[in-house]
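K.L.:
got a sequence here, can you model it:
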Amino acid sequence: MTRTPRFSESIEAQHQRVDADDWDDIYVVGDVHGCLSELETLLDQLDPSDDDLVVFVGDLVRKGPDNHGVVDLVRSSPNMLSVRGNNEEKILRGEKDPDDLTDEDVEWIRDLPVVISWEGATVVHGGIDPRMSREEHTVDDLQNTRSLVPGGSYDPPFWWEEFEGPETVFFGHTVLEAPALADYAVGLDTGCVYGGELTAYDWHAKELVTLDVGRTVEERKDSKFIDPRSPVLAK
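P.N.:
Presented below is the predicted three-dimensional model:
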């Protein structure tokens with residue numbers, strides 16, 4: 001039995017625990033960034049029943065064409081949950097414009113957890129720093145952790161290369177050329193809004209499901225895509 005280590009009291013208040021036995025299957029979906037049509041196509045491909053849970057790694061919104069549509073879909077679905085990503089946080093802090101989001105959308109986002117977990121799994125947006133205890137982590141840490149090099153946001157080593165569990169952590173935030181599959185971490189942001197793929201993970205089957213998006217909504221520099229398969233990044 002693998003239990004999620006306890007976070008600080010303030011994080012625990014924003015930690016949603018799920019009983020996996022309540023669901024036939026659990027799917028974890030990468031960063032959607034307002035790409036409603038791509039999300040709908042992926043969901044058609046996954047074909048979750050009402051007894052399956054769909055969990056999102058955050059960044060449902062910003063940069064894409066239909067942020068409200070994505071929020072409305074997730075909010076209105078009893079079997080869908082999401083953590084709060086750094087892009088949601090920027091809207092709440094007034095650092096970014098809410099675009100087409102309604103006041104009701106923003107209030108719903110405000111109530112999203114920063115951690116979702118079930119036995120053997122934790123979902124956060126950015127990552128977990130293996131050099132710190134869980135209780136030391138802040139909301140910013142959980143939403144933005146990437147490189148373990150001071151000031152080196154896109155320089156290896158990355159947190160998931162050094163993380164040793166005990167549970168599997170699912171994360172987004174870091175835009176990847178392919179899903180990151182480490183011993184205790186799975187990275188699912190494969191650049192949907194940047195012309196990449198929208199990726200999901202089937203918890204029971206232990207399989208990835210990918211959708212080739214086929215369009216680029218926003219351009220991104222090649223230097224801000226990370227290839228987790230590169231030997232440079234290998235331990």
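K.L.:
need the contact list for the spatially most central residue of the chain.
P.N.:
Centre of the chain computed as the mean C-alpha position; nearest residue by C-alpha atoms, centre = their mean is residue 57, 2.0 Å away. Counting by C-beta atoms under 8 Å, 6 or more residues apart in numbering, residue 57 makes contact with 28-31, 82-83, 85, 123-125, 170-173, 188-189. For glycine as for every other residue, the C-beta is placed from the backbone atoms N, C-alpha and C.
K.L.:
are any of those residues buried, and which?
P.N.:
28-31, 82-83, 85, 123-125, 170-173, 188-189 (16 or more other C-beta atoms under 10 Å).
K.L.:
go through those and name the one nearest residue 132.
P.N.:
residue 124 (13.1 Å; C-beta to C-beta).
K.L.:
give me the distance between that closest one and residue 78.
P.N.:
Distance of residue 124 to residue 78, given as C-beta to C-beta, to the nearest Å: 23 Å.
K.L.:
which residues touch residue 92?
P.N.:
Per C-beta under 8 Å, 6+ apart, neighbours of residue 92: 106, 109, 110.
K.L.:
just residue 205 next, same as before
P.N.:
Contact analysis of residue 205 by C-beta under 8 Å, 6+ apart lists residue 25.
K.L.:
so is it in a helix, a strand, or just coil?
P.N.:
Following DSSP: H, G, I helix; E, B strand; the rest coil, the label given to residue 205 is coil.
K.L.:
against residue 186, how distant is it?
P.N.:
Counting by C-beta to C-beta - residue 205 and residue 186 are separated by 13 Å.
K.L.:
still on that earlier bit, can you lay out the contacts of residue 92 as CSV showing pLDDT, neighbour count and secondary structure?
P.N.:
Listed next are the contacts of residue 92 as CSV, based on pLDDT from 0 to 100; neighbours: other C-beta atoms under 10 Å; DSSP: H, G, I helix; E, B strand; the rest coil:
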residue, pLDDT, neighbour count, secondary structure
106, 98, 15, helix
109, 98, 24, helix
110, 98, 12, helix
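K.L.:
any idea which element residue 37 lies in?
P.N.:
Per DSSP states H and E: residue 37 is located in helix 36-46.
K.L.:
repeat that for residue 151.
P.N.:
Using DSSP H and E, no helix or strand contains residue 151.
K.L.:
tell me the pLDDT at it?
P.N.:
Note on residue 151: pLDDT of 79.
K.L.:
spit out the contact partners of residue 228.
P.N.:
By C-beta under 8 Å, 6+ apart, the neighbours of residue 228 are 176, 177, 178, 179, 180, 181, 182, 187.
K.L.:
looks to me like it is in a helix.
P.N.:
No. Judged by three-state DSSP, residue 228 forms no part of a helix; its state is coil.
K.L.:
tell me the phi and psi of it?
P.N.:
Dihedral pair for residue 228: phi -70, psi -10, per degrees, to the nearest 10.
K.L.:
next one: residue 180
P.N.:
phi -90, psi 120.
K.L.:
doesn't residue 65 fall inside a helix?
P.N.:
No. Residue 65 sits outside any helix when classified using three-state DSSP, being coil.
K.L.:
residue contacts, it?
P.N.:
Residue 65 touches 34, 35, 36, 217, counting by C-beta under 8 Å, 6+ apart.
K.L.:
list the contacts of the nearest residue to the first one once chain neighbours are set aside.
P.N.:
Spelled out, it's residue 34. Nearest non-adjacent residue to residue 34, counting by C-beta to C-beta, 6 or more residues apart in numbering: residue 64, 2.5 Å away. Neighbouring residues of residue 64 by C-beta under 8 Å, 6+ apart: 32, 33, 34, 35, 36, 70, 192, 193, 217, 218.
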